[in-house]
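Asks: turn this into a structure:
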Amino acid sequence: MPAWIESGFGEYAKRMPPDCRIGLKEIKPVERSGSKTAETVMALERTKIEAALPKSSRIVVLDERGKDLTTMQLSQLLTQWQQDGRDVSFVIGGADGLDAEFKGRADLAIRLSSLTLPHGMVRVLLAEQLYRAWSITQNHPYHRV
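Replies: Next comes the predicted model:
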């Protein structure tokens with residue numbers, strides 16, 4: 001990823017408090033070559049993603065057909081998730097998207113935008129929105145209505 005993406009994600013991740021940390025696990029994408037169809041690639045990536053996820057974590061996939069949340073709604077979910085005590089794993093798919101079976105098993109599917117966004121940008125936007133949602137729960141002045 002370009003330095004500005006790493007820097008942007010890092011900025012919001014470091015702002016989060018210890019009890020609401022943001023971590024990042026990158027999965028090397030599967031190359032789509034030869035006889036590998038998009039479905040094959042997504043299935044192979046699903047296996048890698050599942051292996052990287054913490055056991056019993058809440059799975060939230062980012063998908064263009066996911067629920068369109070406001071920042072206030074995300075802050076309410078964040079509060080619920082913190083009370084629940086389970087880790088939350090946000091999953092951004094590869095170039096071909098996420099495997100349909102994996103998406104079907106997710107606890108929630110959300111979208112950040114109706115626009116098609118580059119993966120790096122999604123990473124930064126998600127981190128910023130999580131920080132903003134947390135700031136709302138704390139009555140922090142970062143989020144102004």
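
Asks: so for the lengthiest strand in the chain, what gets flagged as buried?
Replies: Counting residues, the longest strand in the chain under DSSP state E turns out to be strand 58-68. By neighbour count, with 16 or more other C-beta atoms under 10 Å as the criterion, the buried positions of strand 58-68 are 58-63, 66. Using the backbone N, CA and C atoms, a C-beta is placed for each residue, glycine as well.

Asks: same check on stretch 27-41?
Replies: If you call a residue buried by 16+ other C-beta under 10 Å, then stretch 27-41 has these buried ones: 30, 41.

Asks: give me the distance from the helix or strand following the longest strand of the chain to the chain's centre.
Replies: Toward the C-terminal end, the helix or strand that comes next after strand 58-68 (DSSP states H and E) is helix 71-84. Remark: helix 71-84 is offset 14 Å from the chain centroid, using C-alpha atoms, centre = their mean, to the nearest Å.

Asks: check which helices and strands helix 71-84 sits against.
Replies: With contacts taken as 3 or more C-beta pairs under 8 Å, 6 or more residues apart in numbering; DSSP states H and E, helix 71-84 sits against helix 119-137.

Asks: for the helix it packs on, which outside residues touch it?
Replies: With C-beta atoms under 8 Å, 6 or more residues apart in numbering as the contact definition, helix 119-137 has outside contacts at 1-2, 5, 8-9, 12-13, 15-17, 20, 22, 24, 62, 71-72, 74-75, 77-79, 82, 90, 92, 95, 112-113, 117, 140-143.

Asks: just the buried ones from the residues you listed?
Replies: 5, 8-9, 12-13, 15-16, 20, 22, 62, 71, 74-75, 77-78, 90, 92, 112, 117, 143.

Asks: quick one: the one helix or strand in the chain whose mean pLDDT sits lowest to strand 58-68, angle?
Replies: Lowest by mean pLDDT, DSSP states H and E among the helices and strands of the chain is helix 38-52, with a mean of 92. Taking axes from the mean of the first three to the mean of the last three C-alpha atoms, to 10 degrees, helix 38-52 and strand 58-68 form an angle of 130 degrees between their directions.
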